[in-house]
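# All I have is the shape, not the residue letters:
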């Protein structure tokens, strides 16, 4: 509950400080509509003429023509992102391939050991061990 009181006190303090600042008067909406056509004082620095504003948005619209430097910079960003993505996927593929190779090697080793144990268990002593009885290819 004390956190709520502290937050409320902080908000009231900020509101009080903003109401006393001189910039608050210039940011407030004026009550008379006649002065909106010709701003005075600090408002003149903030707002621009309607023609300048429409020209600004016309120049910077989505359909506006980009300069060759902007096109080149965007292309470099795309190429760099593609390169990072390619390197990431190549690294993941290499990790998977090495993991799969290790798993395959371990499985081969387990199979070999299991086969050797089976041969030792089933060796009847009548014939030479299998290792010496290989056929020439």
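Ah, there it is. This one's a predicted model, so the numbers in the text were calculated from it and none came from an experiment.
# Output the lowest mean pLDDT helix or strand found in the chain.
helix 23-27 (a mean of 58; mean pLDDT, DSSP states H and E).
# How many neighbouring residues does residue 67 have?
By other CB atoms under 10 Å, 8 other residues sit near residue 67. Every C-beta, even on glycine, is put in place using the N, C-alpha and C of the backbone.
# wait, residue 101
For residue 101, using other CB under 10 Å, the count is 10.
# And for residue 116?
13.
# From residue 71, how far out is it?
67 Å (CB to CB, to the nearest Å).
# where does the chain dip in pLDDT?
For the chain, applying pLDDT under 70 flags the ranges 1, 22-46, 57-64, 127-137.
# Regarding it, what is its longest helix?
Counting residues, the longest helix found in the chain (DSSP state H) is helix 68-122.
# So which other helices or strands are in contact with it?
Packing partners of helix 68-122 (3 or more CB pairs under 8 Å, 6 or more residues apart in numbering; DSSP states H and E): none among the helices and strands.
# Brilliant, that's me finished.
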